[in-house]
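In: Show me the folded form of this:
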Amino acid sequence: MFRSLIAVVVLSFPGVAAARDDPWTTREDSSAYRAECSACHLAFPPALLTVDDWLAIMADLDRHFGANAALDAKVRKQVTGFLERNATANRYFGSSDDTPRITTAPWFLRKHRSAIRLLGRGKVKSLVDCAACHKGPEIDRMTGE
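Out: All right, here's what the predicted structure looks like:
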């Protein structure tokens, strides 16, 4: 009986489990996040970093990896709220303890070994130049289009 109840509950919400297993899927969309962050790079899905990582990034936007990405207070609040609600609690997708930077996270480095080699040859301009390697439906999925 208990197993049947668990099966019914699990099968009733298959999209919820799948959405959290896929870091590219968010529970919601944020036009403010997409507009501000994709102005310079791919608007990375919030589930790629932890809440603490995102808060550290948001606290230092005037020096955002060498650029001034400061936001007005209203937009900053919207973006921060979106990131907090959609960040991961799982360190597998989150960055290392030292650096809240997606491109230095251990999982990113493992999955992008070939891009790192191409970066050394000038075929990939930057590790945030996702479209250099990811094409078609794959890049559409990452950008939410």
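In: Kindly state the pLDDT recorded for Arg121?
Out: At Arg121, the model reports a pLDDT of 83.
In: can you count the residues close to Ala59?
Out: By the measure other CB atoms under 10 Å, the count of residues near Ala59 is 10. The way it works is simple: take the backbone N, C-alpha and C, and place the C-beta from them, glycine included.
In: what about it, distance to Gly66?
Out: The gap separating Ala59 from Gly66 is 16 Å, by CB to CB, to the nearest Å.
In: Check Pro100 too.
Out: Counting by CB to CB, the gap from Pro100 to Gly66 is 15 Å.
In: who's more crowded, the two?
Out: Pro100 (21 against 6).
In: dump the residue contacts of the closest residue to Trp54 other than its chain neighbours.
Out: Nearest residue to Trp54, sequence neighbours excluded (CB to CB, 6 or more residues apart in numbering): Leu83, at 4.0 Å. By CB atoms under 8 Å, 6 or more residues apart in numbering, the contact list for Leu83 reads Tyr33, Pro46, Val51, Trp54, Leu55, Met58.
In: Was I right to think the second one contacts Gly81?
Out: No. Taking CB atoms under 8 Å as the definition, Pro46 is not a contact partner of Gly81, at 10.7 Å.
In: biggest helix in this structure, by residue count?
Out: In the chain, with assignment by DSSP state H, the single longest helix is helix 73-86.
In: Among Pro46 and Gly81, which residue is more densely surrounded?
Out: Between Pro46 and Gly81, Pro46 has the larger neighbour count (other CB under 10 Å), namely 25 against 13.
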